[in-house]
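Asks: I'd like to go over a predicted model; first the sequence, then the structure.
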Amino acid sequence: MGQRPARGDLHPGHSRGVRKQDALAVSNRTGSSGGEGRPRELIRLNLPAHAKINLCLKILGRRPDGLHEIETVAQTVDLHDTLTFEARAEGITLEVDDPAVPSGPENLAFRAAAALPAPRSSPRGVHIRISKAIPAGTGLGGGSSDAAATLLGLRRLWRLDLADRDLEAVASTIGADVPFFLHGGTALLTGTGTTVKPLPDLGGYEILVVVPGVPLATREVYAGASASLTPALKISSMPAFKPTLKGDLREEVETWVRAGNDLEPFARSLCPAIGEIRVRLETAGAVAAAMTGSGSAVFGVFRNPAAIERALAEARASGFGAIRCVPLRREDYQRRVG
Ligand code: ATP
């Protein structure tokens, strides 16, 4: 889920419970609208919440609050969860089809809904349904993406008068990856990951994501990977990773992936399959391979369709989960999610 700031309180106007008569009142009112010239009220909305991979990730230092300064190039892909938002008069409720993912206030989509300012008029509540396709705890950013989709969806459903930068401010209180998912595409993330600099879209490749089946906790991986770092004050003396964006853009993806992920060595100590999968992807014809985020998923970049198909079959034959995807350009991302 990326690094997460300390949890704040839920908005006092929001509760888990929703009264049946309130839900009915919403649909009755909506049913009678339109004929009297009033704009038809939005009562239901479906949005995809896409996964990301980190093409590379560098830890620059640890801050006094325990979060880490990083530099990473993130890329959205076509793999996605699906969220449905149904207007309710009051309250936030949530259901999710993956028993490994919390369905209460701990869910990042719930937290995102509760962090928004209370709507001035009805509907003030929502029922959120999440259909998961992004495996949790794999560094693919599923929870953060669900949270960002919730912010975008509820801004529309609740007709909130919130500018993009206000939404970004709310997003960064939920998790470090959440602001990125308001933009999508390819981006350089700095600070704790909340500062988003859009980069040109790079295409012409496919991605195979391989999931070892051992979810890793983001906090634990960051803590272990940075144990040898000097805290706080030395940040400025740490060598900074700079994405090049020079020369042949087609080659840029390989350059970034080969720059590596500083979290990978420690994640490998918790889940040795990460190293094994990476070698297998390279042997199968990936032009570069690395772990994404805090793991445990590993991705390979392929430019040859026959090679990715072979690698997919091999990964599945070895008992790993494997998902073939393509990078999602910012414009396409925003059309789907925005
Ligand atoms: P990142 O790449 O940002 O570090 P991740 O992919 O490793 O994230 P997530 O899949 O976002 O991690 O989820 C990590 C944990 O967050 C899960 O184990 C789960 O308990 C919790 N969680 C809360 N809300 C969600 C959600 N909507 N979807 C998935 N996990 C969620």
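Replies: Thanks, I have it.

Asks: residues near the closest residue to the ligand within the stretch 101-250 of the chain, how many?
Replies: For the stretch 101-250 of the chain and the ligand, the shortest gap (CB to the nearest ligand atom) falls at residue 143, measuring 2.7 Å. Quick note: C-beta positions are derived from backbone N, CA and C, even for glycine. Residue 143 has 31 neighbouring residues, counting by other CB atoms under 10 Å.

Asks: what does the stretch 1-150 of the chain put close to the ligand?
Replies: Proximity of the stretch 1-150 of the chain to the ligand, by CB under 6 Å from any ligand atom, involves residues 1-2, 101-102, 106-109, 130, 136-144, 146.

Asks: just those: which are in helices?
Replies: Among those, the members falling in helices (DSSP state H) are 108, 109, 142, 143, 144, 146.

Asks: thinking again about what came up before, buried among the residues of the stretch 1-150 of the chain next to the ligand? Need that as a selection in ChimeraX.
Replies: Here is the ChimeraX command that selects the buried residues among those (16 or more other CB atoms under 10 Å):
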select :1,2,101,107,108,109,130,136,137,138,139,140,141,142,143,144,146
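
Asks: what lies in contact with stretch 151-162?
Replies: Contacts with stretch 151-162, where a contact means CB atoms under 8 Å, 6 or more residues apart in numbering, come from 42-43, 45, 47, 83, 85, 87, 112-113, 116-117, 119, 121, 123-124, 126, 167, 170-171, 178, 182, 337-338.

Asks: can you get me the start-to-end distance on it?
Replies: By CA to CA, to the nearest Å, the extent of stretch 151-162 from end to end equals 10 Å.

Asks: tell me the domain boundaries of the protein?
Replies: Here the domain assignment for the chain is 20-198, 201-330, based on automatic domain parsing.

Asks: what's the most buried one of the ones you listed?
Replies: domain 20-198 (a mean of 20; mean count of other CB atoms under 10 Å).

Asks: which ones are touching residue 101?
Replies: Contact analysis of residue 101 by CB under 8 Å, 6+ apart lists 107, 130, 132, 136, 143.

Asks: now do the same for it: its pLDDT.
Replies: pLDDT for residue 101: 96.

Asks: likewise residue 225?
Replies: You'll see residue 225 listed with a pLDDT of 89.
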